[in-house]
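Student: dropping the sequence and predicted coords here.
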Amino acid sequence: MKILITGVRGQLGCELVRILHDGQSEIGSIPDAYNHAEVVGTDVADLDITDAQAVDAFIKNGSFDLVINCAAMTNVDACEDHEDAAYQVNALGPRNLAQACQETGAKLVHVSTDYVFDGTTPKERIEDDTPDPRSAYGRTKLAGEQLVQKACKQSFIVRTAWLYGYVGKNFVKTMIRLAKEHGAIKVVDDQRGNPTSANDLAYEILQLAATDQYGIYHCTNKGICSWYDFACAIVDGAKIPCTKTPCTSGDLNRAAQRPAYSALRNKHLEDTIGDSMRPWQDALAMYLQRYNDQARDTPQA
């Protein structure tokens, strides 16, 4: 099997590469279909997915069996200020990949977001619920979903939320840094959703991609909390003494509207291959253990 991963240097891309190399995630082993898979990873410097001709040539010449699109413009406030640029990356880029995959017969996994929903209804959203994005990021990601579905029959759209991994910046690392540097954190408590481990998400994506069960999937760790709850669990789990203060979204005065309630239910996974995602507390506990182990093993300058 030959696999292309776009956005390979991001949190999810790095976990996919790691798991494909090891054959194992924190949840369990990946399917034997990936044994000895050839993995090609690209980022924008290697392949600009907004360039339709470049994408077409790259995928046709590569003879890929599977393409996993992790590339996206994810800075929510920057998307609000530059929606045209976000549309290029989050909508037209996935369309280009989908068209090339349709022509070559490659499967496509496209990663999307909870932001496609309005976030005003206090219940878990399932895949059949009608999207109604309230931000440029959500609008452009929804457009990407629709273009992928239209262009490629053999496609999986996987919506996730509140993602954190071992590589790059994320909320978990930010909370640990702020708690250590300032002895205090201040976090919103009026936004609720599902913290999600990139390692767990990568595992479930590979489980899905080994099937022909195409369609839209939600994939987050189990359980719902606020960003404040999540932050408290992080610093407590990391055993960092600090002052923890809740605040409201209005206190932050951000450009883009965040969903107040963006929890997802993995209904389609439950109904097809099964939902192996862990409770968010369990995934976070293992992350913090490995994070601390890595810190101890890193030579000091």
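Tutor: Sure thing, it's come through. Numbering: from 1, shown residues only.
Student: show me where the stretch 201-301 of the chain has strands.
Tutor: 215-218, 225-226, 243-247 (DSSP state E, counting those that start in this stretch).
Student: okay if I get those as TSV plus mean neighbour count, mean pLDDT and distance to Thr50?
Tutor: In this view, the C-beta of every residue, glycine as well, is placed from N, C-alpha and C. Shown next, in TSV, are the strands of the stretch 201-301 of the chain (neighbours: other C-beta atoms under 10 Å; pLDDT from 0 to 100; distance: least, C-beta to C-beta, whole Å):
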stretch	mean neighbour count	mean pLDDT	distance to Thr50
strand 215-218	21	98	23
strand 225-226	19	98	35
strand 243-247	14	97	37
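Student: could I get these as TSV with distance to Arg192?
Tutor: Output for the strands of the stretch 201-301 of the chain, formatted as TSV (distance: least, C-beta to C-beta, whole Å):
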stretch	distance to Arg192
strand 215-218	15
strand 225-226	5
strand 243-247	13
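Student: nearest to Trp280, of these?
Tutor: Of all those, the one in closest proximity to Trp280, counting by C-beta to C-beta, is strand 225-226 (7.0 Å).
Student: other residues contacting that closest one?
Tutor: Strand 225-226 has contacts (C-beta atoms under 8 Å, 6 or more residues apart in numbering) with Val188, Asp189, Asp190, Gln191, Arg192, Gly193, Pro195, Ala233, Trp280.
Student: strand partners (parallel or antiparallel) of it?
Tutor: strand 192-193 (antiparallel) (DSSP bridges).
Student: in the worst-scoring helix or strand of the chain on mean pLDDT, what's buried?
Tutor: Lowest on mean pLDDT, DSSP states H and E among the helices and strands of the chain sits helix 280-297, with a mean of 83. Applying a neighbour-count criterion of 16 or more other C-beta atoms under 10 Å, one finds Trp280, Asp282, Ala283, Leu284, Tyr287, Leu288, Tyr291 buried in helix 280-297.
Student: report the distance from it to the chain centre.
Tutor: 19 Å (C-alpha atoms, centre = their mean, to the nearest Å).
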